[in-house]
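# My questions are about this predicted structure, shown below with the sequence.
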2 protein chains.
Amino acid sequence: MTKRILGIDPGLASLGFGSIRADHNTLELLDYGIIQTPAKTDVGKRLQTIYEDLHQVLTDQKPDLVALEKLFFYRMGNTILVAQARGVVMLVLAQHQLPVIEYTPAQIKLALTGYGAANKEDVQVAVARELKLSTLPRPDDASDALAVALTAWFQR
Amino acid sequence: MTKRILGIDPGLASLGFGSIRADHNTLELLDYGIIQTPAKTDVGKRLQTIYEDLHQVLTDQKPDLVALEKLFFYRMGNTILVAQARGVVMLVLAQHQLPVIEYTPAQIKLALTGYGAANKEDVQVAVARELKLSTLPRPDDASDALAVALTAWFQR
């Protein structure tokens, strides 16, 4: 069965997304990118940009499934801001009635490289290899989003 | 100048709101209550309830200004869930183009009781006194929301 999977790496300054189409034989990159919001704008307006742009991404990509990285307290100062952005992401996904699956960073690393403590570059190389890209996907947040989308496919 | 001020105490399980109208001579309670979401429902659906119900509260109350309690890491386990709900609150306020002002718990206690380390009941008694209520407003989250609304008025 063919599936369209959207991976999202939530963030306030930069939210990564990556969209793939997969079936038993093929794995295809559809699109990837980031939603950026300027640090000088107030938080409400930034969340509004994420809300509107993510609705547009979902309308464009029409995923069957959305995969998200689980949020931990690993960067204390940023965690509240990231969690606020993540709340808006969860809202938009619920409004589109999309199934959501979450993975820890270790699960993503393990799924992509076979090693749960792999570094960022190893994961990016694996993303590029799986999707037959000639260069590493950039920026990092978009690459992370593709990694979590691929994890959802490998773990199906 | 008369002002309608809405106080919000953001939370995922229970979001408190309290609406007052104030001018130089009078301080009037308009409404207060909570938006509750059931713990067994998935987070996206709960955030959707908050999104829709808060839009309704704003449409009903038509505040000129919204006051929020600042979020700290004082309850670690809950902070991500509360911050996700708070992100949806900030989104809805931005969609209504409302000015938002934030206060720390100490600022609220100080404004209501004259003592920055006052306990919860002292604050509730002050809320009831200022708004000439014969009983303490319940539940706690609604009372907290009225306290932050009153803080915004006293600090004007």
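Cool, got the structure. As the structure is a prediction and not an experimental result, all values here were calculated from the model.

# any idea whether A:D141 is helix, strand or coil?
helix (DSSP: H, G, I helix; E, B strand; the rest coil).

# mind listing what it touches?
If you count contacts by CB atoms under 8 Å, 6 or more residues apart in numbering or on different chains, A:D141 has them with A:9, A:11, A:14-16, A:34. (Glycine included, C-beta is placed from N, CA and C.)

# could those be laid out in JSON lines, adding pLDDT, distance to A:A22 and secondary structure?
Compiled in JSON lines, the contacts of A:D141 are given as follows (pLDDT from 0 to 100; distance: CB to CB, whole Å; DSSP: H, G, I helix; E, B strand; the rest coil):
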{"residue": "A:D9", "pLDDT": "95", "distance to A:A22": "19", "secondary structure": "strand"}
{"residue": "A:G11", "pLDDT": "92", "distance to A:A22": "25", "secondary structure": "coil"}
{"residue": "A:S14", "pLDDT": "95", "distance to A:A22": "25", "secondary structure": "strand"}
{"residue": "A:L15", "pLDDT": "96", "distance to A:A22": "22", "secondary structure": "strand"}
{"residue": "A:G16", "pLDDT": "97", "distance to A:A22": "19", "secondary structure": "strand"}
{"residue": "A:I34", "pLDDT": "97", "distance to A:A22": "22", "secondary structure": "strand"}
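
# Is it possible to get those out as JSON lines so that each row also shows distance to A:D140?
Listed next are those as JSON lines, based on distance: CB to CB, whole Å:
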{"residue": "A:D9", "distance to A:D140": "8"}
{"residue": "A:G11", "distance to A:D140": "10"}
{"residue": "A:S14", "distance to A:D140": "9"}
{"residue": "A:L15", "distance to A:D140": "12"}
{"residue": "A:G16", "distance to A:D140": "8"}
{"residue": "A:I34", "distance to A:D140": "9"}
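
# helices and strands of chain A: which one bottoms out on pLDDT?
Least confident element among the helices and strands of chain A, by mean pLDDT, DSSP states H and E: helix A:76-95 (a mean of 89).

# close to chain B, is the helix or strand immediately after that helix in the chain?
Downstream of helix A:76-95, the next assigned helix or strand under DSSP states H and E is strand A:100-103. Yes. Using CB under 8 Å from any CB of the partner chain, we find that strand A:100-103 touches chain B at A:V100.

# Please list the residues of chain A that sit near chain B.
So far as CB under 8 Å from any CB goes, chain A lies against chain B at A:42-45, A:47-48, A:51, A:71, A:73, A:76, A:79-80, A:83-88, A:90-91, A:93-95, A:100.
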